[in-house]
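S.K.: Task: produce atomic coordinates for the following.
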Amino acid sequence: MGVLKEDEHKIEAFSFRSLIPQKQAPGEVEDFKLSSLKESQAFKNNISQADIRSEREAALETSFEILNEVKEHRGLSKQAKEDYEIAVAKAVEAEVARVRDEAYRDGMDQGLQDGKEQAYTEAKKELSEKLEAFTDELARMQGQIDNILLESQEDAYNIIKNLSKWIVLKEVDEKYYLSRLLEKLVHEVNRKNNLVLHVNESAFGYMPEIIKLVERKVGKLQNTRVEIDLDQTENGIVLETENCIIDGSIQAQFKAIDELFRSVGLDDSTKA
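M.R.: The predicted structure follows:
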C-alpha cells in the first residue's frame, strides 16, 4: 500500500484572473457601489450638443426609433424643440423683412407716382404763366410792329429777333429747362456714355438731380462728368463727347438767332 505525500495533494485557494490582460484581478473581493443619481445626472449633462445632434441625424437616416424616455433623458427632445423654435423665429423674421421691403417698394412707387403728378402740375402751371406773359408781351409789341413795318423792315426784324431772345430767356428760367435740354442733346449725339457736361456755377449743384430725371427717360448715362463753365452766365449745357461738342448755352442760342436774321438781310451791326 502506497504512502500519500502531503506536498503532492496540497489544496490551494483559487482566484479568477482578470478578463483584461493588462490588469491582474486583485486577490480579494471588493464591494460594488452603485453610483448616485447626482453622478448619473452629471453624465447626462456632459453630453455635448454635437453628440445629441449626431444621434438625431443618425436616427433619421437609418429610420431608427429612439424611445421617448431616452430622448428626454439624453436631451434629444429638448434640442429638437429648440431647433424648431429657432427655425420658426427665422421664418417669422424673414417674413417680416419681406413685408417691410414690399411696403418700402410700394411706398417708393407711390412716392414716384406722386412726384410725377406734382411735376406735371408744376409744369402745367409754369406753362400757363409763360403763355400769359407771352400773350401780354406780344400784345404790347403788336402795335409797334404794325407801325414799324410801314417804316423799316430792318426794325421789324429787330423786334422779332428781340422777341425770340425774350422767349428763349423765359424758357431758360423754367424749372425743368435743363432736364429737357440735356435730354435733347443726348438724343442729338445718340450716345449715353463718356459725357462731359459744362454748366454755369449756379446749375452745377443740382445737376445730379437733373441727370436722374433724364435717366428715367433715356436710360443710364454711364461715366458722366459735370464741370463748371465760367463763361456761361445763364442756364445752359455744353455737351462734350469723345467725337464732338454740342453747344447748348444761351450764348449759342442767341448766336443762332442772330445768324438766322442775318440770312434774311439784317445788318450785323444792328444791336439786339
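S.K.: Strands of the stretch 151-272 of the chain, start to end?
M.R.: 193-199, 222-228, 237-240, 245-248 (DSSP state E, counting those that start in this stretch).
S.K.: looking at those strands, which is closest to Glu93?
M.R.: strand 222-228 (37.8 Å; Cβ to Cβ). Quick note: C-beta positions are derived from backbone N, CA and C, even for glycine.
S.K.: So which bits of the closest one are buried?
M.R.: Residues Thr224, Val226 are the ones in strand 222-228 that count as buried (16 or more other Cβ atoms under 10 Å).
S.K.: Now mean pLDDT and distance to Phe134 too, for the strands of the stretch 151-272 of the chain, in TSV please.
M.R.: As requested, the strands of the stretch 151-272 of the chain are exported to TSV (pLDDT from 0 to 100; distance: least, Cβ to Cβ, whole Å):
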stretch	mean pLDDT	distance to Phe134
strand 193-199	93	26
strand 222-228	93	31
strand 237-240	90	24
strand 245-248	86	22
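S.K.: TSV please, covering the ones you listed and showing distance to Thr62.
M.R.: Shown next, in TSV, are the strands of the stretch 151-272 of the chain (distance: least, Cβ to Cβ, whole Å):
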stretch	distance to Thr62
strand 193-199	62
strand 222-228	59
strand 237-240	73
strand 245-248	76
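S.K.: Go through those and name the closest to Ile66.
M.R.: Nearest of the strands of the stretch 151-272 of the chain (Cβ to Cβ): strand 222-228, 62.3 Å.
S.K.: Each with direction, which strands does that closest one pair with?
M.R.: Strand 222-228 sits in its sheet next to strand 193-199 (parallel), going by DSSP bridges.
S.K.: Using CSV, write down the CA coordinates of the strand it pairs with.
M.R.: Included here for strand 193-199 are C-alpha records, laid out as CSV according to Å, rounded to 0.1, in the frame of the first residue of the first chain:
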residue,chain,number,x,y,z
ASN,A,193,-21.6,107.2,-72.1
ASN,A,194,-18.4,109.2,-71.6
LEU,A,195,-20.2,112.5,-71.5
VAL,A,196,-18.9,115.8,-70.1
LEU,A,197,-21.5,118.5,-69.2
HIS,A,198,-20.3,122.1,-68.9
VAL,A,199,-22.7,124.3,-67.0
